[in-house]
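S.K.: Any chance you can model this:
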Amino acid sequence: MSRHSAFGKTTVAALVLAAATFASGPGARAQEAAAVAITVKNHHFQPAEVHAPANRRLALTVKNLDTAAMEFESVSLRVEKVIAPGSDGVVNVRALAPGRYEFFDDFHQETRGVLVVQ
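M.R.: Next up is the predicted model:
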């Protein structure tokens, strides 16, 4: 075995151990996405105002109980997702600073809501 291959194996083993330690530490749990769920029924978001923690990624589950497709959209969140009738979808949102972020159904503009990040 050459000096380079032994060094390479040791380096790889150390990197794997460091990655495993980092991924299982408290920082990894802090980076898990916060889960928020809303429903669309009769072209209204329920609840119309949802809350999420600041500086954490967000997994926003949108359940469409209407008989028509809807498009969850937000300019301030920079997201859009079409959700078929009777189904649900997950909208992944980056970590956000505190504030109010409006969203709407692009197919039914009167359907509006707000995400409050604290």
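
S.K.: Please name every helix or strand in contact with the longest strand anywhere in the chain.
M.R.: Using DSSP state E, we find that the single longest strand of the chain is strand 108-117. The criterion is 3 or more Cβ pairs under 8 Å, 6 or more residues apart in numbering; DSSP states H and E, and the helices and strands that strand 108-117 contacts are strand 34-41, strand 44-46, strand 49-52, strand 70-74, strand 99-105. C-beta coordinates here come from the backbone N, C-alpha and C atoms, glycine included.

S.K.: Would you mind finding the most buried of the ones you listed?
M.R.: Comparing the helices and strands packed on strand 108-117 by mean neighbour count (mean count of other Cβ atoms under 10 Å), strand 70-74 comes out on top with a mean of 21.

S.K.: Pairing partners for it, with directions?
M.R.: strand 79-83 (antiparallel), strand 99-105 (antiparallel) (DSSP bridges).

S.K.: Taking strand 108-117 as reference, get the angle to the longest one.
M.R.: Counting by axes from the mean of the first three to the mean of the last three Cα atoms, to 10 degrees, strand 99-105 points 160 degrees away from the direction of strand 108-117.

S.K.: which other residues reach strand 99-105?
M.R.: Defining contact as Cβ atoms under 8 Å, 6 or more residues apart in numbering, one finds that strand 99-105 is touched by 40, 43, 45, 70-77, 111-117.

S.K.: do that again at 6 Å, thanks
M.R.: 70, 73-74, 76-77, 111-117 (Cβ atoms under 6 Å, 6 or more residues apart in numbering).

S.K.: Turn the buried ones among those into a named PyMOL selection, would you?
M.R.: One line in PyMOL is enough to select the buried members of those, burial here meaning 16 or more other Cβ atoms under 10 Å:
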select buried, resi 70+73+74+77+111+113+114+115+117
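
S.K.: returning to what we had before: now for the strands paired with strand 70-74, which one comes closest to residue 34?
M.R.: Ranking these by their distance to residue 34 (criterion: Cβ to Cβ) puts strand 99-105 first, at 13.6 Å.

S.K.: Using CSV, write out every CA atom in that closest one.
M.R.: What follows is the C-alpha trace of strand 99-105 in CSV, where atoms were taken according to Å, rounded to 0.1, in the frame of the first residue of the first chain:
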residue,chain,number,x,y,z
GLY,A,99,-42.5,39.4,8.9
ARG,A,100,-45.8,38.9,7.1
TYR,A,101,-45.8,37.0,3.7
GLU,A,102,-49.0,37.0,1.7
PHE,A,103,-50.1,34.1,-0.5
PHE,A,104,-53.0,33.4,-2.8
ASP,A,105,-54.6,31.0,-5.2
